[in-house]
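> Predicted coordinates and the sequence they were generated for:
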Amino acid sequence: MNKKWAPDSNSWINHNSTFISYYYIYSIDVAMSLRSSTIRMARAASSRAIKQAGAQRALTTLTRSARPAVSKQSLIPQGTRGVKTINFGGTEESVYERADWPREKLLEYFKNDTFALIGYGSQGYGQGLNLRDNGINVIIGVRKNGSSWKSAIEDGWVPGENLFDVNEAVQRGTIIMNLLSDAAQSETWPSIKPLLTEGKTLYFSHGFSPVFNNLTKVEPPSNIDVILVAPKGSGRTVRTLFKEGRGINSSYAVWNDVTGKAHERAVAMSVAIGSGYVYQTTFEKEVNSDLYGERGCLMGGIHGMFLAQYEVLRENGHSPSEAFNETVEEATQSLYPLIGKYGMDYMYDACSTTARRGALDWYPRFKDALKPVFSELYESVKNGTETQRSLDFNSQPDYREKLEKELEIIRNMEIWKVGKEVRKLRPENQ
Ligand SMILES: NC(=O)c1ccc[n+]([C@@H]2O[C@H](COP(=O)([O-])OP(=O)(O)OC[C@H]3O[C@@H](n4cnc5c(N)ncnc54)[C@H](OP(=O)(O)O)[C@@H]3O)[C@@H](O)[C@H]2O)c1
């Protein structure tokens, strides 16, 4: 395939028109197959608009995915290695990409390091296995004979070789990746802190512990580098995307830069754990946006919105099947994937004129109704209320049992019981 780097436009241009046509047809096929019964593809004039948008996005996706991993390295000017300034809707930001840190370079960069990853929950599993597959020297530190210890052994970590208890792993490591649960980071800090001697690097995947140190008591030593890489997804996704040859998006931040190398090390680590691209933030902004997002659109907010819509449908005599399909199934199976692939405008454009008109009229009403709740939520994050709640609940010895009880309530809600049945009816699940 014939590719050319165009430094002026910062984009890869692919001259193979056969591949473009194929990709275009394929992407339209995918979009079409996601069509739902109640919302139809707009016809005639609007279908021309869809094709144009589809072709444009297919080309964008193609050019992105067509980038070779290594050869670009030589084309990046010295001194700005790996940094790209991208205009995100009018605001310029610097980002780094995996392609800037090929595996050989990572191995060379970390050749004298031992990554001591403590905690083997969701992130420990994802980041740990990706590091190991990348050839990095990584050891795991968890409570002996706890459930994480057993999971680590199942994943091939060997006691005494690359699996130790927490304190021994911290002593052996040069880069200490604190991936204990946020509550456990606070509980274990008095025993871990004295082991963080000069020359080591302390790494977090969330700003929670150091930012709210008035509550957590986690005050990182001032004589070592302290960095953060926060994957924007669960540890399971960090692992799955890596195995598929893709990468999670992550943010990185620096708390202490004693060596002058903390920024570079954080970016390199983000690639080593399986990130696709990484953007810079601060510890404070990371924790505020993360706690806010998961309570809002990512989890709590979307759940609340699903429940409200479902309940009103049921109160108005709609069957469970109808209420669930109109609320959740169509969203997750048909429309949200279109937003993910091509954007909100594309999703609107792929729906009937009737659906589109209604959505255009009603989204400002929802935004205005919800914005005060989001403002209240942000304040509750910023002033530490959410951190205190998390510490109070998750430090209790029976936190897992209590969580299970709350999840059981959700599992037993009519909407999610209906969901279970609807999922079984998907042809691919039969
Ligand atoms: N999960 C995500 O989606 C996600 C995404 C981005 C960032 N992060 C951040 O990544 C970090 C790790 O999160 P996670 O979700 O992977 O954590 P998690 O699944 O809750 O991890 C729990 C780990 O902490 C250990 N642990 C709990 N209490 C302990 C104690 N008292 N002493 C020693 N070990 C203890 C557990 O070991 P046992 O099995 O022995 O109890 C387990 O290995 C957090 O800072 C989190 O905010 C998470």
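Structure received. Keep in mind that what you see is a predicted model, and the values were worked out from it rather than measured.
> Listing request: residues of the stretch 301-430 of the chain with sub-threshold pLDDT.
Residue ranges of the stretch 301-430 of the chain with pLDDT under 70: none are present.
> the strands in it, which residues?
With DSSP state E, counting those that start in this stretch as the criterion, the stretch 301-430 of the chain has no strands.
> measure residue 294 to the ligand for me?
8 Å (CB to the nearest ligand atom, to the nearest Å). (C-beta placed from N, C-alpha, C; glycine too.)
> contacting residues around that residue?
By CB atoms under 8 Å, 6 or more residues apart in numbering, the contact set of residue 294 is residue 300.
> isn't residue 348 right next to residue 363, touching?
No. In terms of CB atoms under 8 Å, residue 348 does not count as a neighbour of residue 363; the distance is 9.7 Å.
> ok, those two, which is more surrounded?
Each of residue 348 and residue 363 has its neighbours counted (other CB atoms under 10 Å); residue 348 has more, 17 against 12.
> Now do the contacts for the more buried one.
So, once contact is read as CB under 8 Å, 6+ apart, residue 348 ends up touching 356, 359-360.
> According to the record, where do the domains of this protein fall?
As recorded under the TED database, the domains making up the chain are 84-281, 300-429.
> can I get those in a markdown table with distance to the ligand?
Formatted as a markdown table, those follow (distance: least, CB to the nearest ligand atom, whole Å):
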| stretch | distance to the ligand |
| --- | --- |
| domain 84-281 | 2 |
| domain 300-429 | 8 |
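> right, so these: which one is the most enclosed?
domain 84-281 (a mean of 19; mean count of other CB atoms under 10 Å).
> Now do the one helix or strand residue 185 maps to: which elements does it pack against?
Residue 185 belongs to helix 182-192 when assigned by DSSP states H and E. Contacts defined by 3 or more CB pairs under 8 Å, 6 or more residues apart in numbering; DSSP states H and E place helix 182-192 against helix 166-172, strand 175-178, helix 208-211, helix 213-216, helix 385-394.
> Dump the ones you listed to CSV, plus distance to residue 152.
As requested, these are arranged in CSV below (distance: least, CB to CB, whole Å):
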stretch, distance to residue 152
helix 166-172, 11
strand 175-178, 14
helix 208-211, 22
helix 213-216, 25
helix 385-394, 21
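> so which of the ones you listed gets nearest residue 184?
Closest approach to residue 184 among those (CB to CB): helix 385-394, 8.1 Å.
> got the CA positions of that closest one in CSV?
What follows is helix 385-394, C-alpha atoms only, in CSV (Å, rounded to 0.1, in the frame of the first residue of the first chain):
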residue,chain,number,x,y,z
THR,A,385,-17.3,14.8,50.2
GLU,A,386,-17.1,12.1,47.6
THR,A,387,-13.6,11.0,48.7
GLN,A,388,-14.7,10.8,52.4
ARG,A,389,-17.7,8.7,51.4
SER,A,390,-15.5,6.4,49.4
LEU,A,391,-13.0,6.0,52.2
ASP,A,392,-15.8,5.4,54.8
PHE,A,393,-17.5,2.7,52.8
ASN,A,394,-14.5,1.0,51.2
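> Report the inter-axis angle for that helix versus helix 182-192.
If you take axes from the mean of the first three to the mean of the last three CA atoms, to 10 degrees, helix 385-394 sits at 80 degrees to helix 182-192.
> Go ahead and name everything in contact with helix 385-394.
181-183, 186, 208, 212, 215-216, 291, 295, 380-381, 399, 402.
> Centre of the chain to stretch 170-184, how far?
20 Å (CA atoms, centre = their mean, to the nearest Å).
> Point me to the helix or strand that includes the residue in the stretch 251-400 of the chain that the ligand sits nearest to.
Closest to the ligand within the stretch 251-400 of the chain is residue 290: 7.1 Å, counting by CB to the nearest ligand atom. Under the criterion of DSSP H and E, residue 290 resides in helix 283-295.
> following the helix holding residue 185, which helix or strand comes up?
Criterion used, DSSP H and E; the element after helix 182-192 is strand 201-204.
> That next one pairs with which strands, parallel or anti?
Counting by DSSP bridges, the strands paired with strand 201-204 are strand 175-178 (parallel), strand 225-231 (parallel).
> So which of these is nearest residue 408?
strand 225-231 (28.4 Å).
> other SSEs contacting the helix or strand just after that closest one?
Following strand 225-231 in sequence order, the next helix or strand is helix 235-243 (DSSP H and E). Secondary-structure packing of helix 235-243 (3+ CB pairs under 8 Å, 6+ apart): helix 122-133, strand 248-256.
> Output the ones you listed as a markdown table; include the columns mean pLDDT.
Formatted as a markdown table, the helices and strands packed on helix 235-243 follow (pLDDT from 0 to 100):
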| stretch | mean pLDDT |
| --- | --- |
| helix 122-133 | 98 |
| strand 248-256 | 97 |
